[in-house]
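Chemist: could you work out the structure for the sequence below:
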Amino acid sequence: MKDLNNFLSEKKDEKKKAHTVKDGEGADDKKYITMMGEYKQLRKTDKEAANELLEKAFKLAKDGDVSKNAKIAAAYI
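Modeler: The predicted structure is shown next:
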């Protein structure tokens, strides 16, 4: 039988593994969608910080591996 502390630490280690990229999905899709979600919340309170985050997201979309579906999904957040 496993010790509870060892069991919990194993679960944390499993979550740290990188996910595999599915067909039609870019490597940076999750990061891009997260950035756009944060931007859309931040633009209501701090416009300067929101604009900086938006520029980073656009740069990621241009230079990174972001799929077309992720860009469309971010538009509908």
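
Chemist: run the chain-centre distance for stretch 25-43.
Modeler: 5 Å (CA atoms, centre = their mean, to the nearest Å).

Chemist: do the same with stretch 43-56
Modeler: 17 Å.

Chemist: what comes up buried for that stretch?
Modeler: Ala50, Leu53, Leu54 (16 or more other CB atoms under 10 Å). Quick note: C-beta positions are derived from backbone N, CA and C, even for glycine.

Chemist: stretch 70-77 too?
Modeler: For stretch 70-77, by 16+ other CB under 10 Å, it's Ala70, Lys71, Ala74.

Chemist: just the CA atoms of that stretch, as PDB, please.
Modeler: Provided in PDB are the C-alpha atoms of stretch 70-77 (Å, rounded to 0.1, in the frame of the first residue of the first chain):
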ATOM      1  CA  ALA A  70      -7.000  28.700 -31.800                       C
ATOM      2  CA  LYS A  71      -7.100  32.200 -33.200                       C
ATOM      3  CA  ILE A  72     -10.900  31.800 -34.000                       C
ATOM      4  CA  ALA A  73     -11.500  30.400 -30.500                       C
ATOM      5  CA  ALA A  74      -9.700  33.300 -28.900                       C
ATOM      6  CA  ALA A  75     -11.900  35.700 -30.800                       C
ATOM      7  CA  TYR A  76     -15.000  34.100 -29.300                       C
ATOM      8  CA  ILE A  77     -13.800  34.200 -25.600                       C
END
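
Chemist: where's Val66 relative to Ala74, distance?
Modeler: 9 Å (CB to CB, to the nearest Å).

Chemist: coming back round to it: in helices, which of the buried residues of stretch 70-77 fall?
Modeler: If you go by DSSP state H, the buried residues of stretch 70-77 have Ala70, Lys71, Ala74 in helices.

Chemist: what's the closest of those to Leu42?
Modeler: For those, the closest approach to Leu42 (CB to CB) belongs to Ala74, at 14.2 Å.

Chemist: element containing the spatially closest residue to Leu42 that is not a sequence neighbour?
Modeler: Once flanking residues are discounted, Leu42 sits nearest to Ala50: 4.3 Å by CB to CB, 6 or more residues apart in numbering. When elements are assigned from DSSP states H and E, Ala50 belongs to helix 47-63.
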